[in-house]
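A.B. asks: show me how the following folds:
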Amino acid sequence: MAQVASSIKPRDRSKVLNANRQAKMAQSAHAYVRGNTLQFYEWLKKDSAKSIPEGPPVWICGDCHVGNIGPLSDSDGKIEIQIRDLDQTVVGNPAHDLVRLALSLATAARGSDLPGVTVVKMMEQMVEGYERALVAPNTTIKANSDDLAPIRNVLEQSRRRRWHHLAEERIEDVKPQIPLGKRFWMLEEQERVAMDELFRDETVVAKILAFKGRRPGSKVSVVDAAYWMKGCSSLGRLRFAVLLSIGKKADRTHCLIDLKEATCAAAPKVEMTIRNDAERVVTGASNLSPNLGQRMLAVPLLGKNLVMRELMPQDLKFDLDRLTQQEAMAAARYLAGIVGKAHGRQMNRKTRQSWLAKLEKQHSKSLDARNWLWSSVVSLIADHEAAYLEHCRRYASSS
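C.D. replies: Below you'll find the model as predicted:
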């Protein structure tokens, strides 16, 4: 088992983070796919990936799997389902997001013990959902059908959530303190000093006070901060949780900030005029997921570039590990539509039409899914399944 962190010191972080990452990736083939973006992009360099069409260069997610799509609140409290993790975002080929999502959906279906024919039908529904959203990227995609109940339930839960839900979930209590333990670890002295300096910065304070209901000029103070063990593929980077107080004692409120180190993206990209990786993540989020992008800011900390975002109680992710065949097909169509909207908003009408025509070229008479997408998924599943089993062998030997 992965080591449980009761009181992890800064010098021990790397060892514990690596052990937890290996354990998470050994949980299932789907978890392995989610946690191993690098293997996906290594596969793209192979001859088997040469059939993937080259789409117009737009901002893409770069790590477009099921867990990276979900309800997101903007700074005014408006909720929309968008892409929720942009660590790998680049200006690149939109087809790469489609293939990555298809692989994630296929492994999720296999994890739900659904037959292979369901995967075929999911790929067909994916293509239809993506192309429809690409035609009309400003149209709202509704989750009204019974087959979309797993998605609709998460969206309804998101709309009901308030600050106390986030506090109880993330910091275990509404008490203004981050409890050290399994997820939150002690800071070094220089880290704590850097936090205090960061949240005195005028640009940072202005971003925090821009949220609905907050008065300009209110005092922002650091109440508590800790190193945060969170995620899977991002384990090993600097990541901090910061609890802030806003305003004076009589009307004081709190908010929780996520600070995550931005590192070089693995996704193939075209040339971008971006100063650093934190700016890349924020710019990509602003283009793909406006609800998230408007809450983010690129900040320097301890000689590294980090992305700051305020966590909102409405931010949730989908857990689609147990689906019926009809639910899996509907989810594939819906989630691909969300990606189609994110891509399509960045294209003018002529570019969208050209991209759609290119996507149609390899349409098989016996399969509604595109040949290039289906062959890519088959190759990727084989590639990742073998790697997953080898990962489990190594993990079992070292545990």
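A.B. asks: for the rest of this, base every contact and every neighbour count on C-alpha atoms.
C.D. replies: Fine.
A.B. asks: for residue 138, list the residues it contacts.
C.D. replies: If you count contacts by Cα atoms under 8 Å, 6 or more residues apart in numbering, residue 138 has them with 341, 345.
A.B. asks: and it, helix, strand or coil?
C.D. replies: Judged by DSSP: H, G, I helix; E, B strand; the rest coil, the three-state class of residue 138 is coil.
A.B. asks: tell me which residue is most central in the protein.
C.D. replies: The residue lying closest to the centre of the chain (Cα atoms, centre = their mean) is residue 85, at 2.3 Å.
A.B. asks: from residue 319, how far out is it?
C.D. replies: Distance, residue 85 to residue 319, by Cα to Cα, to the nearest Å: 15 Å.
A.B. asks: about what we covered before: phi and psi next, for the residue nearest to the centre of the chain.
C.D. replies: The phi/psi pair for residue 85 (degrees, to the nearest 10) reads phi -140, psi 120.
A.B. asks: in the stretch 101-250 of the chain, which spans are helices?
C.D. replies: Using DSSP state H, counting those that start in this stretch, the helices found in the stretch 101-250 of the chain span residues 116-135, 149-160, 163-170, 189-198, 202-209.
A.B. asks: mean pLDDT lowest where, among those?
C.D. replies: Out of these, helix 163-170 stands lowest, with a mean of 80 (criterion: mean pLDDT).
A.B. asks: buried stuff in it?
C.D. replies: Buried positions in helix 163-170, judged by neighbour count with 16 or more other Cα atoms under 10 Å: 163, 165, 166, 167, 170.
A.B. asks: ok so, going back, wait, what's in contact with the closest residue to the residue nearest to the centre of the chain other than its chain neighbours?
C.D. replies: Nearest in space to residue 85, with sequence neighbours left out and distances taken as Cα to Cα, 6 or more residues apart in numbering, is residue 68 at 5.4 Å. Residue 68 is in contact with 83, 84, 85, 317, counting by Cα under 8 Å, 6+ apart.
A.B. asks: grab the nearest non-local neighbour of residue 230.
C.D. replies: Distances taken as Cα to Cα, 6+ apart put residue 183 closest to residue 230, at 7.1 Å, once the chain neighbours are dropped.
A.B. asks: oops, could you answer that again for residue 351 instead?
C.D. replies: Here the residue nearest residue 351, using Cα to Cα, 6+ apart, is residue 56, at 7.3 Å.
A.B. asks: so that neighbour sits against residue 91, correct?
C.D. replies: No. The pair residue 56 / residue 91 is not scored as a contact, 9.5 Å apart, by Cα atoms under 8 Å.
A.B. asks: ok, residue 320 touching residue 108?
C.D. replies: Yes. Proximity of residue 320 to residue 108 meets the contact threshold set by Cα under 8 Å, at 6.9 Å.
A.B. asks: of those two, who's got more company?
C.D. replies: residue 108 (26 against 19; other Cα atoms under 10 Å).
A.B. asks: so how far is residue 329 from the more buried one?
C.D. replies: From residue 108 to residue 329 the distance is 12 Å (Cα to Cα).
A.B. asks: next: residue 124.
C.D. replies: Noted for residue 124: a distance of 9 Å to residue 329, by Cα to Cα.
A.B. asks: more neighbours: those two, which one.
C.D. replies: residue 329 (24 against 20).
A.B. asks: which of the helices or strands spans that one?
C.D. replies: Element membership for residue 329, per DSSP states H and E: helix 325-344.
A.B. asks: tell me which residues in the next helix or strand along the chain from that helix are buried?
C.D. replies: Counting by DSSP H and E, the next helix or strand C-terminal to helix 325-344 is helix 349-360. For helix 349-360, the neighbour count (16+ other Cα under 10 Å) marks 352, 355, 356, 359 as buried.
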